[in-house]
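*Asks:* Need a 3D model of the following:
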Amino acid sequence: MLRIFFKYKRRLLGELCHAAVRALLRYFQAVTAIGLIPGVVAVIQTFGQKISNQKYTDASGIAMVYVGLGEIDGAFKWLENAFEERTCSLINLKIEPRFDRIRSDQRYKALLKKMGLDK
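*Replies:* Prediction:
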């Protein structure tokens, strides 16, 4: 049914994909906040590759999910991706409370220094 619509409005298909990625990220953040870790793990296993293949994925949002899961190495991988992509939401790294768990990590301090936010 949607296929005929996207035949004439191709750019809307991309917008639909971006909306789906944003919805998954919000889901991750919500279930992580209330402790539904198995649900997050299942979604990451199912959709993780699709999310990382999106052209404009908010890598810092995915990093927040990994921090919430306690997967600190995964969080830093996504934070580095966010830095390389110059993700604008990364500017909140120093004040975002969901990153509190990683503030004592040397990689966090090194990332702030690379961003010029270490002062």
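*Asks:* In stretch 95-114, which residues are buried?
*Replies:* For stretch 95-114, burial by neighbour count (16 or more other Cβ atoms under 10 Å) applies to 98, 99, 102, 108, 111. Using the backbone N, CA and C atoms, a C-beta is placed for each residue, glycine as well.
*Asks:* Any chance of CSV for these, columns secondary structure, distance to residue 85 and pLDDT?
*Replies:* Below are these laid out as CSV (DSSP: H, G, I helix; E, B strand; the rest coil; distance: Cβ to Cβ, whole Å; pLDDT from 0 to 100):
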residue, secondary structure, distance to residue 85, pLDDT
98, helix, 19, 84
99, helix, 17, 91
102, helix, 19, 95
108, helix, 18, 95
111, helix, 13, 94
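*Asks:* Low-confidence regions, the protein specifically.
*Replies:* Counting by pLDDT under 70, the chain has low-confidence residues at 1-14, 16-18, 21, 32, 35-57.
*Asks:* How are the helices of it distributed by residue range?
*Replies:* With DSSP state H as the criterion, the chain has helices at 2-8, 10-33, 37-52, 59-69, 72-85, 106-115.
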